[in-house]
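1. give me the fold of what follows.
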Amino acid sequence: MAVCWLLCVAVFSYLLSAERVADERLLHEADSFLTRRHGAREFEQREKQTKAPLAVLGVQETSNDTRTEAKVGLPKCSDGILQLDGVYEVKKQEEVLVEGPSCRVTGSAELLLWAPVRFQGNLVLAGQLNVKAAGDGGRVNAPCVAVEGNFTLHPEARLSIQGCKNVADKGDAGHGGCLHVAGDAELLGGQLLLRKCAARNKGGGIFVAGRTGMCCFDHL
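-> Next up is the predicted model:
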């Protein structure tokens, strides 16, 4: 009788142990399934982010067919120096305050304009600047680039402005499609390229209110 009772206890203990092992295996498999599913979701999210459109990431194609992230707006002209590098988008009219006698622009950059840029003082260009009208068929209510003072182009500089259509028809705002200079323009050399620009009033490419001095010029 005692032997039979011990045998029953042993069988019952074995069944309980087997049930616990089965439960643990089920929990482990469920946990593994949830872990794999969570990992798959993270992978899908990473894939979607990787395949996001370039416009969402703020990426633009430059004139030499390279892709770079565009900056919105222009930096300040600090201590008379405006260092530009890369691609800049001008979404609203930019007023570049000139500190000191002039603002010297250096570096190499491309400006995509939806609105005009105006320098409140003298501008000295010593870098490489490529300016393009980007929106609304190139139509703006002012010249793409306006200089309230004098403009100087250095021998090592290159300024290209294209696609600007100045639709302003009142006062000085209607003068100059690509470039408007309220003072004197001193062209010491370098390259000045004005393409496919127009204005309602005078100076479809460039308007200079003061005197113009030219020396050793490559292109106009």
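2. quick one: low-confidence parts of the protein?
-> Of all residues in the chain, those with pLDDT under 70 make up the ranges 1-68, 99, 214-220.
3. go again using 90 as the cut-off
-> Low-confidence regions of the chain, defined here as pLDDT under 90, cover residues 1-70, 73, 76, 78-79, 92-101, 135-137, 140-141, 169-174, 200-204, 212-220.
4. please parse it into its domains.
-> Per automatic domain parsing, the domain ranges recorded for the chain read 1-51, 60-214.
5. how about Gly149, what does it touch?
-> Taking CB atoms under 8 Å, 6 or more residues apart in numbering as the criterion, Gly149 is in contact with Val98, Ser102, Phe119, Gln120, Gly121, Asn122, Leu123, Ala182, Gly183. All C-beta atoms are positioned from the backbone trio N, CA, C, and that covers glycine.
6. ramachandran coordinates for the fifth one?
-> If I follow you right, that is Gly121. When read as degrees, to the nearest 10, the backbone of Gly121 gives phi 150, psi -160.
7. quick one, what contacts it?
-> The neighbours of Gly121, taking CB under 8 Å, 6+ apart as the test, are Leu97, Val98, Pro101, Ser102, Cys103, Glu148, Gly149.
8. repeat that for the second one.
-> When the contact criterion is CB under 8 Å, 6+ apart, the partners of Ser102 are Gly80, Gly121, Asn122, Leu123, Val124, Gly149, Asn150, Thr152.
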